[in-house]
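Visitor: no sequence for this one, just the structure:
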């Protein structure tokens, strides 16, 4: 019986890892969320390769609850965040669905790309939940 349980656990782990290592644009994933955000999802928006960052996975996060320190409102989604591939691999838990199109993320991507090209931006290396937690303590600025 112990061998069967071990086999099933290894099979489930291998299946999840195989799916996570095969990320594609348009996929919507469950991930290891922060407490009280278990319904939060991430959508793979774009996958790019960079010499200095390796593979970068651009994602959208939905179903979060973060207070905007500038305006006091509750933020429920983040339209664009860039992650190194390994951070997303560690975060995703289950492929929920695939879509042939992705939500519009041009504004966030263009802002990030401009900063990256100027040497002022990179991609997150921490998992999604840790990145969101870090954003709570960040110095937010109003867009001009």
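Guide: Right, received. Where do you want to start? Here the structure is a predicted model, which is why all the values come from computation and not from measurement. Numbering: from 1, shown residues only.
Visitor: can you tell me which strand in this structure is longest?
Guide: Assignment by DSSP state E gives strand 54-67 as the longest strand of the chain.
Visitor: quick one: strands adjacent to it?
Guide: With DSSP bridges as the test, strand 54-67 is paired with strand 41-50 (antiparallel), strand 74-84 (antiparallel).
Visitor: neighbouring contacts of the last one?
Guide: Put plainly, it is strand 74-84. With C-beta atoms under 8 Å, 6 or more residues apart in numbering as the test, strand 74-84 has contacts from 45, 53-68, 91, 103-105, 107-109, 112, 121-125, 128, 131. For the C-beta atoms, the positions are set from N, CA and C on the backbone; glycine is no exception.
Visitor: what is the subsequent helix or strand relative to that strand?
Guide: Toward the C-terminal end, the helix or strand that comes next after strand 74-84 (DSSP states H and E) is helix 85-91.
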